[in-house]
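Chemist: Predicted model and sequence follow; I will ask about them next.
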Amino acid sequence: MAWTAPRTWTDGELVNAAIMNPHVRDNLNAIRSIAIRKPSDESVASSTAMQSDDHFLFSIAASEIWHVEIQLLWTAQAGGGTGLDFAWTIPAGATGYHNSLSTQVGGTDARFVFGTTLATEILLPWNTAADQVSLVRAVVVNGVTPGTVQFQWAQNVSHATAVIVRANSFLIAHRA
């Protein structure tokens, strides 16, 4: 929906749906933003298969462009070059790019992973059993097919000790 120039109201004017909808409902839809907080921990053990995150997903209409940011709080398992891989599922015909910046909680080392297409997995390579903070950013440019944008993640190396995406991680997305 397109933005409608705000209306100047007059005293005594009768307010009805035909007046309110374009100025309230449609304008709120035009400036659509989404905020999602992860309410509980989610874990994956002994699997390198990408799994859809239980909370980080949203609908996208045809021809929309979205900017997405996730503050990902997670814990890796120790050793063996393990870490967390992530990617996205997007509607057919959609394109986009993503990258990440990560640090260990209380650590002094940071790692930046350069942008790549949304379908390409990115490895967050920390391999110590410590809490991590990663900033994940993405731009999704949709084609003509509406659908769902879904964050996915998995262990980089299968390990009996789970990788955990922590409660209070959050996603914020804005339609451009």
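Modeler: Arrived safely, thanks for sending.
Chemist: Residue 76 contacts residue 163, doesn't it?
Modeler: Yes. In this structure residue 76 lies within contact range of residue 163 using CB atoms under 8 Å: 5.8 Å. Just so you know, the C-beta spots here come from the backbone N, C-alpha and C atoms, and that holds for glycine as well.
Chemist: so what's the closest residue to residue 143 other than its chain neighbours up against?
Modeler: Nearest non-adjacent residue to residue 143, counting by CB to CB, 6 or more residues apart in numbering: residue 93, 2.8 Å away. Taking CB atoms under 8 Å, 6 or more residues apart in numbering, we find residue 93 in contact with 142-145.
Chemist: Can you give me the neighbour number for the nearest residue to residue 6 once chain neighbours are set aside?
Modeler: Among residues not flanking residue 6 along the chain, residue 23 sits closest, at 6.3 Å (CB to CB, 6+ apart). Neighbourhood size, residue 23 [other CB atoms under 10 Å]: 15.
Chemist: One more: residue 153?
Modeler: Neighbours of residue 153 (other CB under 10 Å): 24.
Chemist: Also the one 10 residues further on?
Modeler: The local packing of residue 163 (other CB under 10 Å) involves 25 other residues.
Chemist: what's across from it in the sheet?
Modeler: Beta-bridge pairing for residue 163 (DSSP bridges): residue 44.
Chemist: Residue 153 too?
Modeler: residue 51, residue 86.
Chemist: is it true that it touches residue 88?
Modeler: No. Assessed by CB under 8 Å, residue 153 is found out of contact with residue 88, at 10.1 Å.
Chemist: Secondary structure element for residue 92, which one?
Modeler: Under the criterion DSSP states H and E, no helix or strand holds residue 92.
Chemist: Was I right to think it contacts residue 142?
Modeler: No. The criterion here is CB under 8 Å, and residue 92 misses it with residue 142 at 9.7 Å.
Chemist: So for those two, which sits in the more crowded spot?
Modeler: Set residue 92 next to residue 142 and count neighbours by other CB under 10 Å: residue 142 wins out with 22 against 9.
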